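[1] no sequence on hand, only this structure:
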Ligand SMILES: Nc1nc2c(ncn2[C@@H]2O[C@H](COP(=O)(O)O[C@H]3[C@@H](O)[C@H](n4cnc5c(=O)[nH]c(N)nc54)O[C@@H]3COP(=O)(O)O)[C@@H](O)[C@H]2O)c(=O)[nH]1
């Protein structure tokens, strides 16, 4: 009997072994697995029944109860049914007195096994050793009870003797079988999970188009993951065993190795970007090093992913560009303008420079769009964008807000609000004129215009939204004013600009109407004798009265108007000299004429002066051109050249406002000057400020040492004259000797002497 027990135990062990094989082998044929398992469990039952513990012929005990119940518990209904049917058929074939009990044993084992399974699935009971033991005990007690209910006296008496050992040993066998099967199932599940995760990982790795290599801490390629088939890295397999430095340029290899080491040291992913030449062209690569957490050949290793991000970068740049630029015109869009506006506001606050926003709206753009189509509209907008860009400096911004709305932001204008407004106005007018020139669109000529609203911003600011609103409001005012015009948001500024525009218009008219006059301020020698005069311009306006030059010369200097005025002054001064030449009392007088920057920079300036001299026939020595010191700062060679040409013809030069500018003495020496003029600011405080006296004295000494004459202007008192004389100055101009007067008055002054002054 003991032998049969041992055989049964061996059977159970082989069942476990075979089931382990079954689970592993049929892993890829999942639907077949329960059938195979059922057959296995059933066949083992059959083998068990072939070598049973035989109590008497036809009365046998074997391990089928344990096997079938475990088939139910671990395999489920299908496995248990298949096994039960096989076992049942064989038991029927065996026959014998207790075949019905045998069949019943099979049924009870299957059913109780399944009940245990359901109870476990619903978490009513665990599958621990104790539970399995109790289940085995219960199962075999039920089987014993069943046996006892049947009228087999021999069996019954025999059962009374072995009931306890039977129940205990089979309960124990059930528990052991259950535990072994559970172990197998768990191991199988673990293997399956491992297998699944491995195949998922392989699939994921294969789906990643990047180069994946394992690199050790010394920069050796250890492996590729898996055999990388990457067009970007065709020979990845061949890298294994080589070093980064053997394959990549030194700089790139150093960078990657440093990243590998950083990643190992910090135990986290490190990312870098580097360039790589793939033979066709330079590519941008993103490299990621991630520590693997174990050593290979005793070295720490990382998995390194290299991804070609060239195309992505290009797309990113495109996206960024689209986020900040208008795709039609290529100009900054509203977003970028806002950004630059904030920067400009901060810049203005820091530097004190004014900036301006010019809100530009095309007039009647909708009509073009509606009648000629959007393509034509787009063409116009592109041309407008190009023209606007051509009207501003590099530091300025031209943006398109959308539709036909553009904004120009001018930065680094003057520190003074009025001058900044004038600068913005001038650029605004240039823009109006530029946009009003005709356009060629698809072979057609198109005419357009714009309305511009301007607002200034400086150190004292409001919000950027408020500034945009102001420029927008001003633009609507420009539209209401009849289009093709500009308006300032600030009423005061608008008034100022309008007044200047009015003044400029009047001045042009004044020139035409011959309202300009020359007044003459006497210049005297140390004896008070008039030796010459300075021609000073006046504007005899019918309603404004006598307008002083300070009110209109700066305005004229901002445009080409000063050239026309300058020409008139020069010719009128020459005509006056010519008249004096015919008056014995006046023939000896020289006449100083103020020359402005724009005038002297005219390419034909020398010719113009000579033409005035020749036309009037005056002696050039009588003409003295007054230049200001600041005028000499730019294009020195050109100025020296022109002055020398005129000096050769006899024309004299006086340097006005001397001492207020920054002329270097070396430069001064090169100028063909005749006279230095001490500025009236030094003369005014001569007697109260020692420094001014020192400056005046230095100018006089300097003039003498350079062989130049010196004249002091703004002499108002006798005390000033005396002090200047003491310092060595022998020529004077100022109210003390006479204010600027008409030619007739100067004649009377010259003829009748100081009594008239
Ligand atoms: N490019 C040209 N500039 C011109 C011309 N005519 C004049 N000007 C410039 O305009 C500025 C103002 O000139 P104006 O108002 O005529 O003043 C001159 C004198 O009236 C004034 N002056 C003379 N003596 C005194 C004095 O004793 N006290 C006092 N407070 N002012 C006095 O000085 C002005 C002359 O200055 P300057 O030219 O530096 O000798 C002035 O800058 C003119 O240059 C023109 O035709 N073209």
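    Everything's here; your move. Nothing here was measured: the structure is a model prediction, and the numbers come from that model. Numbers count the residues shown, from 1 in each chain.
[2] and residue 482, helix, strand or coil?
    coil (DSSP: H, G, I helix; E, B strand; the rest coil).
[3] please work out how many residues are found near it.
    9 (other Cβ atoms under 10 Å). (C-beta placed from N, C-alpha, C; glycine too.)
[4] how much space separates it from residue 728?
    63 Å (Cβ to Cβ, to the nearest Å).
[5] now swap in residue 536 and tell me
    For residue 536, the distance to residue 728 - Cβ to Cβ - is 27 Å.
[6] just residue 326 next, same as before
    Distance from residue 326 to residue 728, by Cβ to Cβ: 69 Å.
[7] how about residue 107?
    Counting by Cβ to Cβ - residue 107 and residue 728 are separated by 144 Å.
[8] wait, residue 546 sits on residue 552?
    No - Residue 546 is not in contact with residue 552 according to Cβ atoms under 8 Å; the separation is 11.5 Å.
[9] counting by contacts, list what the host helix or strand of residue 720 packs against.
    Per DSSP states H and E: residue 720 is located in helix 718-727. Secondary-structure packing of helix 718-727 (3 or more Cβ pairs under 8 Å, 6 or more residues apart in numbering; DSSP states H and E): helix 690-705.
[10] thinking again about what came up before, shared neighbours, residue 546 and residue 552?
    By Cβ atoms under 8 Å, 6 or more residues apart in numbering, residue 546 and residue 552 have these common neighbours: residue 539.
[11] looking at those two now, which is surrounded by more residues?
    Shown here are residue 546 and residue 552; by other Cβ under 10 Å, residue 552 has more neighbours (25 against 10).
[12] wait, the more buried one sits on residue 539?
    Yes - with contacts counted by Cβ under 8 Å, residue 552 reaches residue 539, the gap being 6.0 Å.
[13] what is in contact with these two at once?
    Shared contacts of residue 552 and residue 539 (Cβ under 8 Å, 6+ apart): residue 507.
[14] domain parsing for the protein?
    Domains of the chain are assigned by the TED database as 1-191, 208-314, 324-489, 551-737.
[15] nearest to the ligand, out of those domains?
    Among those, the nearest to the ligand by Cβ to the nearest ligand atom is domain 551-737 (3.4 Å).
[16] how long is the closest one end to end?
    25 Å (Cα to Cα, to the nearest Å).
[17] for that domain, what is the distance to the chain centroid?
    Centroid separation for domain 551-737 versus its chain: 55 Å, with Cα atoms, centre = their mean, to the nearest Å.
[18] let's have the chain start at 7 instead
    Right, with 7 as the first residue, what we last looked at is domain 557-743.
[19] so which helix or strand takes in the residue at minimal distance from the centre of the chain?
    By Cα atoms, centre = their mean, the chain has its centre lying nearest to residue 326, at 7.4 Å. Using DSSP H and E, residue 326 maps to helix 316-330.
[20] quick check: next helix or strand after that helix?
    Following helix 316-330 in sequence, per DSSP H and E, is helix 340-357.
[21] what's the angle between that next one and helix 316-330?
    70 degrees (axes from the mean of the first three to the mean of the last three Cα atoms, to 10 degrees).
[22] which strands or helices does whichever helix or strand comes after helix 340-357 pack on?
    Later in the chain than helix 340-357, the nearest helix or strand by DSSP H and E is strand 361-368. Strand 361-368 makes packing contacts with helix 340-357, helix 380-397, strand 411-416, helix 423-442, strand 456-463, helix 470-486 when contacts are defined by 3+ Cβ pairs under 8 Å, 6+ apart.
[23] just the pLDDT at the spatially closest residue to residue 663 that is not a sequence neighbour, thanks.
    Leaving aside its sequence neighbours, residue 663 sits nearest to residue 685 (Cβ to Cβ, 6 or more residues apart in numbering; 4.5 Å). On pLDDT, residue 685 comes in at 91.
[24] and if you look at residue 39?
    Residue 39 is given a pLDDT of 83.
[25] distance check, the nearest residue to it once chain neighbours are set aside against residue 92.
    Spatial nearest neighbour of residue 39, excluding adjacent residues (Cβ to Cβ, 6+ apart): residue 32 at 4.2 Å. Separation of residue 32 from residue 92 (Cβ to Cβ) stands at 18 Å.
[26] and the strands in the stretch 207-356 of the chain?
    217-222, 227-230, 276-283, 288-302, 305-314 (DSSP state E, counting those that start in this stretch).
[27] let me know the angle separating the third one from helix 316-330.
    Okay, so that is strand 276-283. 110 degrees.
[28] ok so residue 674 is a helix residue?
    Yes - per three-state DSSP, residue 674 lies within a helix segment.
[29] ok, it touching residue 712?
    Yes - between residue 674 and residue 712 there is a contact under Cβ under 8 Å: 7.1 Å.
[30] what's the helix or strand for the nearest residue to residue 140 once chain neighbours are set aside?
    Spatial nearest neighbour of residue 140, chain neighbours left out: residue 177 (7.8 Å); criterion: Cβ to Cβ, 6+ apart. Using DSSP H and E, residue 177 sits in helix 159-213.
[31] also residue 506?
    Applying DSSP H and E, one finds residue 506 within helix 497-518.
[32] is that helix in proximity to the ligand?
    No - applying Cβ under 6 Å from any ligand atom, one finds helix 497-518 out of contact with the ligand, separated by at least 12.9 Å.
[33] tell me which element residue 146 is part of?
    helix 135-155.
[34] tell me the secondary structure for residue 132?
    coil.
[35] residue contacts, it?
    residue 126.
[36] what are the phi and psi values for it?
    The phi/psi pair for residue 132 (degrees, to the nearest 10) reads phi -90, psi 180.
[37] and the residue nearest to residue 663, how close does it get to residue 662?
    8 Å.
[38] who has more neighbours out of residue 332 and residue 734?
    Taking other Cβ under 10 Å, residue 332 and residue 734 do not tie; residue 332 has more neighbours (19 against 13).
[39] before we move on, the earlier item: now render the domains of the chain as TSV, adding distance to the ligand.
    Converted to TSV, the domains of the chain look like this (distance: least, Cβ to the nearest ligand atom, whole Å):
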stretch	distance to the ligand
domain 7-197	101
domain 214-320	58
domain 330-495	17
domain 557-743	3
